[in-house]
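> Dropping the sequence and predicted coords here.
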Amino acid sequence: MSEESYNFKTIDGFYEIQSTIGLLGNWKIQQGLRRLIESTDLKDEKKKCQWEIEALGFLLEDGLIKPYFEGIDGNKEPVELPDKNKLEKEFVNYIKRRAKETHSEFLKARYYQILWNLAISKNQSHAKSAIDSYLNILREAEWNKENSHELFEVFENAFCLGNIIAYRKTDIVNEIHSIGVPEYYTLNGFYFIALQKGSNKSLLKNALNYFDQVFSKEISGIDPYYPFHQIENALFIANKLNDNRKKGYQRLLAKNFELLAKSRLDDDTKLAPLRFYKDALIIYNELKDEKASERVLMLLSNIKKEVKLASITHEFSPNDSARILEYVEHLGRSILSHDKEDVVGVLATHPTIFPVKETLLEAIEGRLPNFMDTISKTVFDINNNFKNSEGGNTLQEKLLADYHFHAQFSKYVLKYIIENGLIQEKLNYQTVIQFLLNHSWIGQTFESNEKSGDKVEFNWISVIEPGIRELFNQLELSLFHRSNYPTFILAIDSLTLKFEALLRHFTMMVGIPVDVPNRQRDGLRVEYIDNILRNEKMRAYFSEDDLLLFEYVYTEKGVNLRNNVAHGFFKYHHYSPGLAYLALFTILRLGIYKVKEK
């Protein structure tokens, strides 16, 4: 029916076309009803239109009714449209009357399912009437590609209602075997049955036999998009029954993922084949198929080289840029205004150069939900390895995203202080070393036991001094000898690894273990830096802001400096002065404490 047909002159015009309305409703018809509300002067007709809009607006899922929109208003109060809790008795009486009068089985089912789910009209007879209408739809319908999705929604709702009230359950299940039902939806029907509690085991075994019949063909001869979810369904049922066919379904699914990857090799971004090969690899690893895992790993490695991601750039307005620059210079000048002997100490202990966790959380909590909160995302590292974040953004993900954004301005502050401090002769190699010697545990002398049993005294300054010296040597070349080509590679590599060494030593000093059992070998291994920073005991010695800073700089939650340096992922162009400043600043932050060894 064309959109022009939805320009109703009266509510009777809507009643006349009701047989075309499917289970899921039709927003164009709702728009036609809204136009009728605006054009008619009859109050009764306006009410009826609004009631029909609300009835058509509910999503019908698993025997329930759900709003098509859920959100929060300006007062942070929950909002639902339609809101079943705000429907009045007058609406219920109208829907009851319409359910008896309409000749559309779709509308009958919809009206009765709504009535069953409303507290003021809940009656088992309404659920039974909805099931009767659903069964009439299934028996009279001719399944095809155009209506199969809607008809399967009919089956799902009927099945759930039948389970809830124990009514015509056998009739409903038998409908999934009806002649003319496409294999795709027969398989989905079995899967849906398998999800329900108390499913009949013999029925589920029959489902697996049906799966085997469908997949008896060579998988290479099937459209790769057809069996993908069906194999997952078979695997789900096999796991539910602990059936010995599950490994076969796993291998079939992995093979299907490879087919899907090959079918998408022409994608410009290469994201689809990358994802499907990764899914296949996970399954082969679970099956301990080393040969297949190695083959897919090589395919993944080759695809990663071709990944192309589009970039989106947001430019600040001239006013915003001026305000940011003003903030950077104001904070930088205030720190450099101190005496030369105090500048490093003020820099190391300043509380707001980098974002404050509590401030970020307050901003996040005061922010209204937005569209991006509902979207899952894929994060790529510098080596094009990726991981997925399912189900939107958690509070931790929002915190890290905000931290990353604000940290960009913090880096400019660091750059201003370190570079201008060197130019003004207030901050240099000597002042940094002097601060660490006089005001930090890093400058203390420690004692260690060699394997020979000898005791050796050492000082951490001796091993971090070369990296700090190299940083300022290269910075002087950059600022005062512009014809030269400075490189911060040695400084960044050295200071990054030394930060990890200092962190491990600190944790040992305060009695936090840095070794953990090695499950693959009979012995111990050093704990990962990520886990050390997330250890709850660390909160007794570091502020939340410092731990967030360290995580941002050294783990996959942010810059991932330690991993990129240790595994050689950085290329020449990645070694920027800003990373050297970050490494130096984190060492200063780590070193502002004085502790005694336990």
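Cool, the structure landed. Numbering: from 1, shown residues only.

> how much space between Glu38 and Ile29?
15 Å (C-beta to C-beta, to the nearest Å). (Glycine included, C-beta is placed from N, CA and C.)

> next one: Asn233
Taking C-beta to C-beta as the measure, Asn233 falls 34 Å from Ile29.

> same question, Asn244
When distances are taken as C-beta to C-beta, Asn244 and Ile29 turn out to be 51 Å apart.

> So between those two, which is more surrounded?
The residue with the greater number of neighbours, taking Asn244 and Ile29 and applying other C-beta atoms under 10 Å, is Ile29; the counts read 22 against 8.

> Please identify the helix or strand for that one.
helix 27-39 (DSSP states H and E).

> swap in Met298?
Using DSSP H and E, Met298 falls within helix 290-304.

> who touches the helix or strand following that helix?
Per DSSP H and E, the first helix or strand lying C-terminal to helix 290-304 is helix 318-336. Among residues not part of helix 318-336, those counted as contacts by C-beta atoms under 8 Å, 6 or more residues apart in numbering are 316, 343, 346-347, 350, 352-353, 409, 412-413, 416-417, 420-421, 424, 426-427.

> What subset of those is buried?
The neighbour-count test (16 or more other C-beta atoms under 10 Å) marks 343, 347, 350, 353, 409, 412-413, 416-417, 420-421, 426-427 as buried among the contacts of helix 318-336.

> Asp212 and Leu241: what is the separation?
14 Å.

> So these two - more neighbours on which side?
Between Asp212 and Leu241, Leu241 has the larger neighbour count (other C-beta under 10 Å), namely 17 against 13.

> Please look at that one and Leu208 and confirm they touch.
Yes. Using C-beta atoms under 8 Å, Leu241 and Leu208 qualify as a contacting pair, with a distance of 7.4 Å.

> what are the ranges of the strands in the protein?
For the chain, the strands defined by DSSP state E occupy 59-61, 64-66, 69-72, 78-81, 377-380, 386-389, 445-449, 455-459, 515-518, 523-526.

> leaving aside the residues next to it on the chain, what's closest to Tyr15?
Thr102 (7.7 Å; C-beta to C-beta, 6 or more residues apart in numbering).

> right, and that neighbour touches Arg110 too?
No. Under the contact definition of C-beta under 8 Å, Thr102 does not touch Arg110, with a separation of 9.5 Å.

> Compare the two (neighbour count), which wins?
Arg110 (28 against 18).

> okay, now Ile492: neighbour count?
Around Ile492 sit 29 other residues, with neighbours defined as other C-beta under 10 Å.

> How about Ile53?
Ile53 has 20 neighbouring residues, counting by other C-beta under 10 Å.

> Which pLDDT value goes with the nearest residue to Lys48 once chain neighbours are set aside?
Excluding the flanking residues, the one nearest Lys48 by C-beta to C-beta, 6+ apart is Ile11, at 4.9 Å. The confidence metric pLDDT takes the value 92 at Ile11.

> Would you check how far apart Ile11 and Lys270 are?
Between Ile11 and Lys270 the distance is 54 Å, computed by C-beta to C-beta.

> which of the residues in stretch 120-139 are buried?
Across stretch 120-139, burial judged by 16+ other C-beta under 10 Å covers 121, 126-135, 137-138.

> and Pro67, what is it in contact with?
Neighbour list for Pro67: Gly57, Phe58, Leu59, Glu80, Leu81, Pro82, Asp83, Lys84 [criterion: C-beta under 8 Å, 6+ apart].

> ok, and the closest non-adjacent residue to the first one?
Okay, so that is Gly57. When the adjacent residues along the chain are set aside, Gly57 lies closest to Pro82, with 4.7 Å between them (C-beta to C-beta, 6+ apart).

> same question, Tyr416
According to C-beta to C-beta, 6+ apart, the nearest residue to Tyr416 is Gly332 (3.7 Å).

> Number of residues surrounding that neighbour?
A count of nearby residues for Gly332, using other C-beta under 10 Å, gives 22.

> So, low pLDDT: which residues of the chain?
Within the chain, the segments meeting pLDDT under 70 span 1-5, 18-26, 144-146, 176-200, 216-227, 310-312, 368-393, 483-484, 520-522, 594-598.
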